[in-house]
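Student: Next come a sequence and a model predicted from it.
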Amino acid sequence: MTAREIAAAVRTGARSARSVLEEHFARIDVREAELHAFNYLMREQAFGAADAIDSAVARGEDPGCLAGVPVAVKDNFCTRGVPTTCSSKILEGWTPPYDSTAVARLHAAGAVLVGKTNLDEFAMGSSTENSAFGPTRNPHDPSRVPGGSSGGSAVAVAAGFSAIAYGSDTGGSIRQPAALCGVVGVKPTYGSVSRYGLVAFASSLDQIGPFAVDVGDAALALEAVWGYDPMDSTSLDATMDSLSDSLDRGVAGLRVGIVRELTEVDGIAPEVQARVAAAAEALSAAGAKVDYVSVPSVSYGLSAYYLIAPAEASSNLARYDGVRYGRRDAGADVATMNSATRDAGFGAEVKRRIMLGTYALSAGYYDSYYGKAQKVRTLIIQDFARAYEQFDVLLTPTAPTVAFEFGSKTADPLAMYLSDVCTIPTNLAGHCAISVPYGTAEPTSGATLTSDGNPKQLPIGVQVLAPALGEATMFRVAKAIEASAP
Amino acid sequence: MPEVPAPLTRADVMHVAQLARLAITESEAELFTEQLAVILDHANDVASLDIDSVVPTAHPLPLVNAFRKDEVRPSVDRDEVLRTAPDALDHRFRVPKILGDS
């Protein structure tokens, strides 16, 4: 059942929220031990919430647009009284004293929170292997990663543990795992969903967005949480065009540009290129005008991102000092206590990024690294602006390859970073993008074999990009791609 | 074309770790020197760009100060906040000594 079907059935009383929830927990009970999508399951709270919704319906009230819809949220969303770890030992055991705005809006819309999903520690990673509490596995092939950093949320939806899920996307952390797990993932326009109560990683890039089984559910899930919030000083006070109303308007006459630099990027798998080409042909057949476009400066996006994001992270993560929350390791004075706590509490990738960011911001290197990266950000925004003079949306791969094997990139941080090469430019520009599943393929090499000896097929996602607040058009194109998906 | 910074050394890594309050071990310093050098080498494609005249972008939105009305509103409960702190005393966060003995 889609989230739309669940909400419709619960609102009319045709289904109880409790029975819907029982079905989802039945799937969790069968497969969660193997996949590890969750850091924390909220079973008791969830059934309490479901019963409250059923009572409201019985009293003739409308619980909201997500009535009875089981939802999972990434474990970097603050949830009052429910552990929030960011998959880090430094926050183990901490329970926030308040709800993030996104979570508060989900409660207000009648959603039922089932749990907090696993992530790469502090959302730093592309495989969910950097979690202090163990990796999440890809439901299509458990010997492979689900992508990351929101791997747990992608798996929760792909495995039917929740109807929709939410994550955060700083450089691709929603779209890349969505592609690798065969679900829809959205990085909305910067500032469109409040980040109040989202644990900060890189504040000029972070954005909350949904995972869903299809484009229609993704639209519903985004509309339930977006909109102005005075508690977030970067929240956009803008009118958002309805997504659900325009989804089925088709793509006749829309101009779609295939970004050459990202479809031909180093390391891209031929099976991924083939899917992007097929999606472009399908859009053309549906009446869109499709052509290639060049956005030259996106080639520098990866380097710029891995200076800017760590620089902002090194500042944001200074708050984990053993004083106000989370763990403390003993030290004779404050500085020793700070260093001991941070060394024991943070994992290797978080330390790497904090040091990289501190270095990029330090005297003598600021101009060459952080300053240059900020200028590249301007160039990327300008190049996108030129592309959007000719095209309504852009089309690219989401990830350069299908899901990779555990351990295959952990010793080489740069190889892992390259997983985000197609998703990063959107975050640098503050624009929106969506990943839509578009068929499956076997990996070029090392395919896992099924019990009857055939190579396992793995999902591929194609990405639609649009300028800031271009979600309505972007979703129309996504819907057309979905309609033609193999 | 602008010169790229000299390669990062183990001494740089130890210095940065100290700035970032990370008590890293000898073997971590070794590994991080190697890995950060590879990442920074890749970043030299940006460092070597001749783009002095380009205006930097710090943030994707044209941000101005966002003020709320100056009015008393409920806030997070103090005792609830202190309950989740590693150590607290008399409504305050408690920490080891900050100054020397002298």
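Tutor: Perfect, I can see it now.

Student: Going by proximity to chain B, name the top residue of the stretch 151-300 of chain A.
Tutor: Nearest residue of the stretch 151-300 of chain A to chain B: residue A:233, at 4.0 Å (Cβ to the nearest Cβ). Yep, even glycine has a C-beta here, placed from its N, CA and C like the rest.

Student: Residue A:203 versus that residue, what's the distance?
Tutor: For residue A:233, the distance to residue A:203 equals 10 Å [Cβ to Cβ, to the nearest Å].

Student: same deal with residue A:465?
Tutor: Look at residue A:465 and residue A:203: by Cβ to Cβ, they are 22 Å apart.

Student: before we move on, what about residue A:245?
Tutor: Residue A:245 is 32 Å from residue A:203, where distance means Cβ to Cβ.

Student: between these two, which one's more packed in?
Tutor: Using other Cβ atoms under 10 Å in any protein chain shown as the criterion, residue A:245 and residue A:203 rank with residue A:203 on top: 15 against 11.

Student: Quick one: classify the more buried one as helix, strand or coil.
Tutor: coil (DSSP: H, G, I helix; E, B strand; the rest coil).

Student: hey, where'd the strands end up in chain B?
Tutor: Remark: strands assigned in chain B by DSSP state E are B:88-89, B:92-93.

Student: Which elements pack onto the first one?
Tutor: To tie it back to what came earlier, the one meant is strand B:88-89. For strand B:88-89, there is no helix or strand it packs on, judged by 3 or more Cβ pairs under 8 Å, 6 or more residues apart in numbering or on different chains; DSSP states H and E.

Student: Show me the residue at the heart of the chain, geometrically.
Tutor: Just so you know, I chose chain A. Central residue of chain A (Cα atoms, centre = their mean): residue A:174, 1.5 Å from the mean position.

Student: Chain B was what I was after
Tutor: Geometric centre of chain B, nearest residue: residue B:20, 6.5 Å, by Cα atoms, centre = their mean.

Student: so who does that one touch?
Tutor: Under the criterion of Cβ atoms under 8 Å, 6 or more residues apart in numbering or on different chains, the neighbours of residue B:20 are A:314, A:318, A:342, A:354, A:355, A:358.

Student: ok, residue A:380 to residue A:433 distance?
Tutor: Residue A:380 sits 13 Å away from residue A:433, going by Cβ to Cβ.

Student: quick one: common contacting residues for the two?
Tutor: With Cβ under 8 Å, 6+ apart, residue A:380 and residue A:433 have no common neighbours.

Student: Have a look at those two and say which one is more surrounded.
Tutor: More crowded of residue A:380 and residue A:433, by other Cβ under 10 Å: residue A:433, with 32 against 26.

Student: so who does the spatially closest residue to residue B:37 that is not a sequence neighbour touch?
Tutor: Nearest residue to residue B:37, sequence neighbours excluded (Cβ to Cβ, 6 or more residues apart in numbering or on different chains): residue B:8, at 5.2 Å. Taking Cβ under 8 Å, 6+ apart, we find residue B:8 in contact with A:359, B:33, B:36, B:37, B:40.

Student: now do residue B:32
Tutor: Counting by Cβ under 8 Å, 6+ apart, residue B:32 touches A:351, A:352, A:355, B:13, B:17, B:24.

Student: Check the burial of the third one by counting its neighbours.
Tutor: It stands for residue A:355. Residue A:355 has 28 neighbours, counted by other Cβ under 10 Å.

Student: Can you pull the domain assignment for chain A?
Tutor: In the assignment given by automatic domain parsing, the structural domains of chain A cover A:3-225, A:253-299+A:375-483, A:305-361.

Student: got those domains as CSV, with distance to chain B columns?
Tutor: Converted to CSV, those look like this (distance: least, Cβ to the nearest Cβ, whole Å):
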stretch, distance to chain B
domain A:3-225, 4
domain A:253-299+A:375-483, 2
domain A:305-361, 4
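
Student: So for residue B:83, which of those domains sits nearest?
Tutor: Closest to residue B:83 of those, according to Cβ to Cβ: domain A:3-225, at 8.1 Å.

Student: how far does that closest one stretch from start to finish?
Tutor: Domain A:3-225 has an end-to-end distance of 15 Å (Cα to Cα, to the nearest Å).

Student: try stretch A:415-428
Tutor: First-to-last distance for stretch A:415-428 - Cα to Cα - comes to 20 Å.

Student: Three-state assignment for the closest residue to residue A:160 other than its chain neighbours, please.
Tutor: Nearest residue to residue A:160, sequence neighbours excluded (Cβ to Cβ, 6+ apart): residue A:27, at 4.7 Å. In three-state terms, and counting by three-state DSSP, residue A:27 is helix.

Student: Surely residue A:27 touches residue A:156?
Tutor: No. Between residue A:27 and residue A:156 there is no contact under Cβ atoms under 8 Å: 10.0 Å.

Student: Which of the two has more residues huddled nearby?
Tutor: residue A:156 (39 against 14).

Student: Just the pLDDT for whichever residue of chain B sits closest to chain A.
Tutor: Residue of chain B nearest chain A, by Cβ to the nearest Cβ: residue B:60 (2.4 Å). pLDDT recorded at residue B:60 is 88.
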